[in-house]
Structures are given as C-alpha cells and as structure tokens.
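> quick one, structure for this:
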Amino acid sequence: MRLIKIYYYFFYFFYKFWDRISLPKFWSDTKAVITLIVLKSFIFISILYYTDLELTKFQLILISLLFIIFPDLYLFVFKSEWKDFIIHYDHLPKSENRMYKLFVVFIVFLIIANFMYSRYWMDNRSKKYQTGPYAPEFVAKKRRGDSLQKAQQIENLKKIYGEDKK
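Numbering: from 1, shown residues only. Here you go, the predicted model:
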C-alpha cells in the first residue's frame, strides 16, 4: 500500500507542475498521466536495451498496455481516488512536501539519466560485438555506398570545371 501512495505522490507532483505552468489550466490530470506513462516507458526501454530482449511487436504492445498504460488508466481515469490524494498531499507540512518533491525530482533525473546511459551502453555493446549498425555487412555496404558517392562527386566536379572536355 505504501508503494501506491508514493505513486500517487508522483502523480500529485506532475499534476501540480502542469497545473502551475499550463495556460489555460485544464487537463492537468491527463498531462500528469501522460508524464507518468513516458517515464515508465523510459524505464521499460532501458530494460530492453540492457537485457537485449528480442520481442515481437505484439509482445511489445501487450507489455506496454498491461504494465505501462492500463494501470494508469485504471488508477487515474476510472477511479476518482486520486482526487482525495491531491487534497491529502495539499495539506502536508511544507517541509515534508519539499522533501518529497526533491525525492521525485531526483528519481525523475535518475530515470532520464539511466535512459540516456542505456542508449550509450547499447551503442558501445554494438560496437564491441559488431552487431546492429556496426555489423560487418552493414559497414561494407556503407563503404561501397560512400566510395560510389565519392566517385560521382569527382565526376560532377570534372564536369563543372571542364576537365571532361580535355
């Protein structure tokens, strides 16, 4: 039950954030839900990058719906319990609320930093094992394309400077 209260505080934080910066002030709850979905998607994508799971499109969609989108829809759209938590968190002491806000900002920063690092890590792993865009067949194909493009550029330059007529 404590974990759900923490999750509701994340919602509260984003709800208040969007309510503060939005003009006009509407749909803050929807924007907060979308923000939570994006953060959970960053976590899910990072896990995929670290584990190198090969999932089909159907499996990706199913996992995304079941673990990322549907829980938020259930908690924040179909149930109106979140409104009670908004009122509850509004009445917290300022020092406690500030501490929780710092915790949320820190966690969000960690999620975003982890996502960026996972992309870097995946790229380095691809270089090391020569997979993906660093596979030998892709590199050879790119070199052939580059050399063909260079030859075409040389021919175009010869045409421009008139060396083709000599």
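> so how far is residue 115 from the spatially most central residue of the chain?
Centroid check for the chain by Cα atoms, centre = their mean gives residue 42 as the closest residue, at 3.8 Å. Residue 42 is 4 Å from residue 115, where distance means Cβ to Cβ, to the nearest Å. Where C-beta positions appear, they are placed from N, C-alpha and C, glycine not excepted.
> what does residue 151 give?
Where residue 115 is concerned, residue 151 sits at a distance of 41 Å (Cβ to Cβ).
> who has more neighbours out of these two?
Per other Cβ atoms under 10 Å, whichever of residue 151 and residue 115 has more neighbours is residue 115, with 17 against 10.
> mind checking what helix or strand follows the longest helix along the chain in sequence?
Once the chain is assigned using DSSP state H, the helix that runs over the most residues is helix 94-129. Counting by DSSP states H and E, the next helix or strand C-terminal to helix 94-129 is helix 136-161.
> flag every buried residue along that following helix.
Within helix 136-161, no residue is scored as buried using 16 or more other Cβ atoms under 10 Å.
> repeat that for stretch 102-119.
Neighbour-count burial for stretch 102-119 [16+ other Cβ under 10 Å]: 104, 108, 111, 114, 115, 118.
> among those, which one lies nearest to residue 138?
Of all the buried residues of stretch 102-119, residue 118 has the smallest distance to residue 138: 21.7 Å, by Cβ to Cβ.
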